[in-house]
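[1] Here is my input, please return the structure:
(one chain, ligands or ions: 1)
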Amino acid sequence: MYKLFQGLEDFGFDDLKGQDLDLFSENKNEEEVTKNSVNLDDYIFLKSFVCPVCEREFSERVVKKSKLRILSHDTDLKPVFENIIPAIYDVIHCTNCGYTALTKFFDKIVGTRAELIRQKVTPDFKPKEYPSITLSLDDGIERHKLALYNALVKKAKSDEKAFICMKLAWLYRDKSDKINELLFISAACQGLVASIDSRHPTVCDMDKNTVRFLIACFYKSLGNSQEAYKWLLPLISSKTLHHQTRQRVMDLKYEIQQEKQELEPKKEVQAEEASSKPKISFRERILGVAKD
Ligand SMILES: [Zn+2]
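    Okay, the predicted model is just below:
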């Protein structure tokens, strides 16, 4: 920064080296102050729940919905909120017996499935203390994984497991962990494909066109544009889509077409240089792991 002020010696400013010459430090500090002034405790409160598995009362963190403000949505509809990642808190975890589920599924457990939790989760469960009412991204991820394990044990339907996997993929996106994001996108995609043919008109409270759109987004993220386009096609020709959904569908169609055009010349070059060695792509490796 000192060099920016060279040449002012004639004005008497020949000894600026000791001074704070960071032109933009004030702005940075202002941003820091704004950031630090957000107290996440203001967004969270403790609420009492009665566990449907052990029937004991416990407290859980709940986000004040009235304080949430959506800034934007990612292509696959993941909402981005101001100041907070509310998805971190979208799990209810009984600290007595270990039963854990996403908020929307917590009470929806019948007797035989609750018995499975008592038999296969509770005996091994060790309660974990969290130091504060606010949770970190890693805390949110581990609690979602616990919900996924509970869903597996209680033999939950594919849509519940798919929804948890989608939430985990999004949390890993917030953490900028691409490998784990794709791992869970792959699992969510498999689960949604398995769920969409059910007679129920919705999947995890989402209408089936929304689910088709998500599947298309997930296939695109996994590098399978052909499959993505296949799921997008009925939406492109649909006459009943909401204006906003139609715009998202057309945006995704454009992205897939752009990607295809960018890949075509590379494919031609690769074909010329093709060696006898079969190559496994990064995304195929991820898909392989998810199938295991
Ligand atoms: Zn319990």
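
[2] which residues touch Val62?
    Taking Cβ atoms under 8 Å, 6 or more residues apart in numbering as the definition of contact, the neighbours of Val62 are Ile44, Phe45, Leu46, Lys47, Tyr89. For glycine as for every other residue, the C-beta is placed from the backbone atoms N, C-alpha and C.

[3] if I look at it, how far off is the ion?
    Summarising the geometry, the distance separating Val62 from the ion, computed by Cβ to the ion, to the nearest Å, is 17 Å.

[4] Am I right that Thr95 is in contact with Phe58?
    Yes: using Cβ atoms under 8 Å, Thr95 is in contact with Phe58, at 5.4 Å.

[5] if we can go back for a sec, buried subset of the contacts of Val62?
    Listed as buried from the contacts of Val62 are Ile44, Tyr89; burial here means 16 or more other Cβ atoms under 10 Å.

[6] Inside strands: which ones of the contacts of Val62?
    When those are checked against strands (DSSP state E), the matches are Ile44, Phe45, Leu46, Lys47.

[7] Dump those residues into TSV; add pLDDT as well.
    TSV is the format used below for these (pLDDT from 0 to 100):
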residue	pLDDT
Ile44	96
Phe45	95
Leu46	96
Lys47	97
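
[8] Let me see the ranges of the strands in the chain.
    With DSSP E as the definition, the chain shows strands at residue ranges 44-50, 57-63, 70-73, 79-81, 91-93, 100-102, 202-203, 206-207.

[9] Ranked by average pLDDT, which of those strands falls at the bottom?
    For the strands of the chain, mean pLDDT drops lowest on strand 202-203, to a mean of 84.

[10] Now do it: distance to the chain's middle.
    19 Å (Cα atoms, centre = their mean, to the nearest Å).

[11] What is the neighbour count of Lys104?
    Taking other Cβ atoms under 10 Å as the criterion, the count of residues near Lys104 is 13.

[12] Pull the contacting residues for it.
    Cys204, Asp205.

[13] any idea how far the ion is from it?
    For Lys104, the distance to the ion equals 18 Å [Cβ to the ion].

[14] can you pull the pLDDT of that residue?
    Each residue has a pLDDT score; the one for Lys104 is 95.

[15] Contact residues of the chain facing the ion?
    Taking Cβ under 5 Å from the ion as the criterion, the chain approaches the ion at residues Cys51, Val53, Cys54, Cys94, Asn96, Cys97, Tyr99.
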